[in-house]
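Chemist: structure, please.
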Amino acid sequence: MHISLAPVANGISITSYLCATSMVKASDVLLILVAIIFPPAAAAFVTGCSCDLLINICLTILGYFPGHIHAFWLIYKKMQAEEKYGYGGFYCTYFACHLCTAADTMM
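Modeler: Next up is the predicted model:
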């Protein structure tokens, strides 16, 4: 993320600028809360029934902290893809969907 000094020159604080331009939604906050309570549930919400869910379950069984790290990483990757490609962009990039068009990412 590139931060310029233009908002400060226009009288807007950096905090207000970052809050206005960040892509954190209520659903992301809810996912983070679910990940804190039970990491495999957050992994399931993000990726569905996939190998990432199995990996997260194994990491949570091996140690609660590794399961958290993996769940937070999945949430971060989802947020990053949605910021870059729009809503639903995570699923197209994650599952290597080659049939996605610009109209699919605008839904």
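Chemist: what helices or strands is the helix or strand harbouring residue 27 leaning on?
Modeler: According to DSSP states H and E, residue 27 maps onto helix 26-37. If you count contacts as 3 or more Cβ pairs under 8 Å, 6 or more residues apart in numbering; DSSP states H and E, helix 26-37 packs onto helix 39-47, helix 64-85. In this view, the C-beta of every residue, glycine as well, is placed from N, C-alpha and C.
Chemist: could you dump those into JSON lines and include distance to residue 58 and mean neighbour count?
Modeler: Listed next are these as JSON lines, based on distance: least, Cβ to Cβ, whole Å; neighbours: other Cβ atoms under 10 Å:
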{"stretch": "helix 39-47", "distance to residue 58": "10", "mean neighbour count": "22"}
{"stretch": "helix 64-85", "distance to residue 58": "9", "mean neighbour count": "17"}
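Chemist: can you redo those as a markdown table with distance to residue 56 and mean pLDDT?
Modeler: What follows is these, written out as a markdown table (distance: least, Cβ to Cβ, whole Å; pLDDT from 0 to 100):
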| stretch | distance to residue 56 | mean pLDDT |
| --- | --- | --- |
| helix 39-47 | 4 | 94 |
| helix 64-85 | 5 | 91 |
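Chemist: redo these as TSV? Include distance to residue 25.
Modeler: Formatted as TSV, those follow (distance: least, Cβ to Cβ, whole Å):
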stretch	distance to residue 25
helix 39-47	13
helix 64-85	8
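Chemist: before we move on, the earlier item: relative to helix 64-85, how tilted is the helix holding residue 27?
Modeler: Helix 26-37 and helix 64-85 are oriented at 170 degrees to each other (axes from the mean of the first three to the mean of the last three Cα atoms, to 10 degrees).
Chemist: mind listing what's buried along helix 26-37?
Modeler: 28, 31-32, 34-35 (16 or more other Cβ atoms under 10 Å).
Chemist: touching that helix from outside, list them.
Modeler: For helix 26-37, the external contacting residues (Cβ atoms under 8 Å, 6 or more residues apart in numbering) are 41-43, 45-46, 68, 71-72, 75, 78-79.
Chemist: list just the nearest of these to residue 55.
Modeler: residue 43 (7.9 Å; Cβ to Cβ).
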